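Q: pasting the sequence and the predicted coordinates here, then a few questions.
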Amino acid sequence: MSESTKVLVNKPIDFKKTIKKNSRFFSNRLLLTGSILLVITTFIGVFASFLSPYEILEIDPKNRLAAPSNAHWFGTDNFGRDVFSRTMYGVRISLLIGVTVTLVASVIGLTVGLLASYYKLLDHIFMRICDGLFAFPSILLAIAIMSALGPKSINVIIALVLVFIPSIARIVRSAALVVKEKVFIEALQAQGASSFRILFLHIAPNILAPLIVQVTFVFAVTILTEASLSFLGAGIPAPLPSLGNMLYDGKLAIYNAWWMTVFPGLFIILIVLGLNLFGDGLRDHLDPKSKLSVKRRKRR
Amino acid sequence: MSHVVPLLKIEDLQVDFATHKGTVSALDGVSFELQEGEILGVVGESGCGKSVTAEAILQLLDEDSTFYDGKIMFNGENLLEYNKKKLEKLRGNDIAMIFQDPMSSLNPVMPIGKQIAESIHIHQSTSKKESIRKAVELLRLTGIPSPEQRAKEYPHELSGGMRQRVMIAMALSCQPKLLIADEPTTALDVTIQAQILELITSFQKQLNMGIILITHDFGVIANMCTKVAVMYLGQVIEETDVKTLFKRPFHPYTIGLMKSVPQIEGERVEQLPSIAGTVPSLFQIPTGCRFAPRCKYASSTCESSMPSLETVENNHRVRCWHYDEVLKGETIYAD
Amino acid sequence: MGGYIIRRLLSLIPVLLVVAVVVFLIIHITPGNPAMIILGEGATPEQIEELNQKLGLDKPLIAQFFIWLANIAQGDFGDSYFLGKPVLIAFLENAGPTLSLAVLAQLIGVTIALLFGIVAAKNQGRMKDDLISGTSLIGISIPSFLLGSFLIMIFAVQLKVLPVSGYAPLSQGIWEHLKYLILPAITLGTIQAALITRMTRSSLLDTLSENFIKTAKAKGVSERAILLKHTLRVAFLPILTVIGESFAGLITGAAVTESLFNIPGLGQLIVASINRRDYAVIQGAVLMITVVYVLMNLLVDLLYAVIDPRVRNSYQA
């Protein structure tokens, strides 16, 4: 059987094969609905300029606080700007912030988590820092960082990245610790594979499943946190529209211009809901014990 | 014998599971019967459906995705027609079950005395205090020293053997007429295994219980059982009394199984005989005789049509088209 | 057991140190002289220098840090420049409303969650479960201030049964006190409920698939008793963790809701202080909140030992 000198050891599940089981994907309603919502909102984000009938910064004082009409589907805000167009761009900006924060935080968090799982000394240092950061309420940490750095979009990204690195690092670390104990790692070490190789080419692929699920939820919380930050006035600065700062503008006019709050708010909910559905669905999909698409027995 | 109602009679039991890959047939037409006081061994490889059969009797399988067909007659009544209330009254009372791994089968945050007392309290309507007292008594009967103290302890504080004794005490607390034992000794040390089996045997004699003993160990079968049923891929393929099974088995699978057990006496063999091929997955059940792909006696009939479980001798049933040829071709064990 | 507690408390010190450093650093990274910002544009150099000295801002950063720590060890969190009172006092004054709100919200959340979580687990895959799971998913997707605004619009503006915003302390009578807290508590409580329901449901489902539940079933224990007596007790541990963590999160993160409903709580205090650069308050309050958070986690861990005998044993080792 073995002419080759490769050690045949039990490698954990190749999760790419799991995803290819199409029937499971389509019968997973969570995953499906979530994906649809995400596709729609991403479409809006990408094609915002085509979807917007008006310029987002265009002021029209005569038309201030106009209710939704044929001319302005979502009404106008306190400067007379078209809420519909601003909402479309708001989706783009919020999504951009979300994607950027999530990507950067994931890459850094992945590295930190992997290193912490492998090197005891780094583990102590990194995890103490993460515990400390974790003990901070995320909103307050974000506000504090924003006020230290100043009100600019890039600072929102920096602040949120710092806030979310610990949660990703933690998940990566716990998952990596489990994989590290498996026999095939020992085999690789015995073969003389470098630590870098083991960490990034072998352990990392096997922790992708819980990582991606966590990343999805981090994305969702990023959107919510950015919204809260902007709502408090500490987020994306005006006049650029983010869904959060549109709610800030809407806060003052809430009793006579409900549309300034409801429509951006609705889109926040849709994005976050889509992400949560996707994350939940993904988790069920990757879990072998789940009861997806099981026909229920007829009651006697 | 035929006018005595058997304790348990399973007729053509079919159990299907709904999975995300489709419906899977775990049991296909399982039939056997058990009289009062008999000990039936059910033997077969992993995945043949022995545990499913055991759990099907008490309908412990997942309610939402399990489909039953056929009959499970207990003292003349079909258990598959029982409503929830009747089932709850039956379980732990007339029919009791013990499981393979006592550590995970006991509630980790409840003292063991309380767990035993629970059975008594439910079925005998005794007060909580009285139930505990009876539970302690049962612990003593199963050979656990200082039972009053032990009763307050938690499962993780006991050894594996003691935990299984607790399970036995719990199962027998209401003096069931039928005990289903699903691999009760597999998870235990070899030395403890004998003790537990002895315990079960002594209780059986006292209560004249019928026992269904699930195992993959032929040694256990030889020691304890009066009858044996051999299962393969969701079906019973041979059934007879224990002596005949060891002396004159008919089905090629049974013979293969028994030959693969190392013998202390008899001639020395160079290589342990094994059955060719592997057990197919339940999603790819062969047409015709399910064992045909691995059987050296297989003919075209075997591959196209399924033999039924026929009575070929007194109390000996086999599911095989060519059992008489098999007999001629194999060496028969000396006793 | 006592030894365990002491060990845990000691292990908190490095965490708190990190927190202290982070808080300190964040605040002092601000470009620009704080005294100048506080005093505004018309200030003379002498005034700025005076304030600098008064606030101790002229000393090197490290010195400031250790002086601060040393003071804290003696219980002195410094004074708030803007409020004119010790930070500790300001903290305690604002802690009351936040605590009331948090307790009320958590009560609402836990009650709803346990109920719905059990119903969802019991009816897994069927309509009741789908409804509950779906609703709780939506619940964690709504920003709190959106839900709050919505509730204000309906109950305070349209129906006029509850006040729009504001706060009354307990001393003014319990109904007065509760009147102002109901809407914010429902806002926060709903989101809490969504979070906890999800954990309740999943923990129950995980436990239901365990072997000992099969044994209980085989004993003839009724479905109800299996759920409440056997499953819930074992499943409760992870649920408890979420309850503890989310409560700590309530206390520390209610800032946005407090801002919306104009409740003079810790959230408002800290946000205002950040905007005003009231360093003493920011540092002291955030540090104290973190201590609370960390202590709550410890409490949850200890409760674990009470509930789960397996954990008890390992603590005594």
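A: The structure has been received and is ready for your questions.
Q: so, low pLDDT: which residues of the chain?
A: Went with chain A since none was named. Using pLDDT under 70 as the threshold, the predicted model of chain A has low-confidence ranges A:1-27, A:288-300.
Q: chain B, not that one
A: Across chain B, the ranges flagged by pLDDT under 70 are B:1-3, B:263-267, B:269, B:327-335.
Q: for residue C:242, give me its contacts.
A: Contacts here follow C-beta atoms under 8 Å, 6 or more residues apart in numbering or on different chains; on that basis residue C:242 touches C:195, C:196, C:199. Placement of C-beta: from N, CA and C, glycine included.
Q: just the buried residues of those.
A: When neighbours are counted using 16 or more other C-beta atoms under 10 Å in any protein chain shown, those contain these buried positions: C:195, C:196, C:199.
Q: avg pLDDT for the helix or strand harbouring the last one?
A: Looking back up the chat, that one is residue C:199. Using DSSP states H and E, residue C:199 sits in helix C:174-208. Averaged over helix C:174-208, pLDDT sits at 90.
Q: does anything pack onto that helix? Which helices or strands?
A: On a contact count with 3 or more C-beta pairs under 8 Å, 6 or more residues apart in numbering or on different chains; DSSP states H and E, helix C:174-208 meets helix C:87-122, helix C:127-139, helix C:144-151, helix C:232-253, helix C:255-261.
Q: hey, which of those is tucked in deepest?
A: Mean neighbour counts were taken over those using mean count of other C-beta atoms under 10 Å in any protein chain shown, and the top value, a mean of 24, falls to helix C:255-261.
Q: buried ones in the helix or strand following that helix?
A: Next helix or strand after helix C:255-261 toward the C-terminus (DSSP H and E): helix C:266-276. Neighbour-count burial for helix C:266-276, counted by 16+ other C-beta under 10 Å, picks out C:266, C:267, C:268, C:269, C:270, C:271, C:272, C:273, C:274, C:276.
Q: the second one and chain A, how far apart?
A: Counting by C-beta to the nearest C-beta, to the nearest Å, the separation of residue C:267 from chain A is 8 Å.
Q: my read: that residue touches residue C:98, true?
A: Yes: judged on C-beta atoms under 8 Å, residue C:267 makes contact with residue C:98 at a distance of 6.7 Å.
Q: need the residues touching each of these two.
A: Counting by C-beta under 8 Å, 6+ apart, the common neighbours of residue C:267 and residue C:98 are C:254, C:258.
Q: so what would you say the end-to-end distance of stretch A:200-212 is?
A: Criterion C-alpha to C-alpha, to the nearest Å; first-to-last residue distance in stretch A:200-212 is 16 Å.
Q: generate TSV for the helices and strands packed on helix C:174-208, with mean pLDDT as supplementary columns.
A: Output for these, formatted as TSV (pLDDT from 0 to 100):
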stretch	mean pLDDT
helix C:87-122	91
helix C:127-139	89
helix C:144-151	87
helix C:232-253	86
helix C:255-261	86
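Q: could you look up the SS state of residue B:12?
A: Three-state call for residue B:12 (DSSP: H, G, I helix; E, B strand; the rest coil): strand.
Q: looking at the stretch 151-300 of chain B, which residue is nearest chain A?
A: Among the residues of the stretch 151-300 of chain B, residue B:283 lies closest to chain A, at 13.4 Å counting by C-beta to the nearest C-beta.
Q: list the contacts for that residue?
A: Taking C-beta under 8 Å, 6+ apart as the criterion, residue B:283 is in contact with B:21, B:22, B:24.
Q: and residue A:224, how far is that from chain B?
A: Here the distance between residue A:224 and chain B works out to 33 Å (C-beta to the nearest C-beta).
Q: elements contacting whichever strand or helix holds that residue?
A: Under the criterion of DSSP H and E, residue A:224 resides in helix A:208-231. Of the remaining helices and strands, those touching helix A:208-231 by 3+ C-beta pairs under 8 Å, 6+ apart are helix A:83-118, helix A:138-149, helix A:153-180, helix A:243-252, helix A:259-286, helix C:144-151, helix C:255-261.
Q: buried ones in it, by neighbour count?
A: Buried, per 16+ other C-beta under 10 Å, within helix A:208-231: A:208-231.
Q: give me the neighbour count for the closest residue to chain A within chain C.
A: Chain A sits closest to residue C:18 of chain C, with a gap of 3.0 Å, by C-beta to the nearest C-beta. Using other C-beta atoms under 10 Å in any protein chain shown, residue C:18 has 19 other residues around it.
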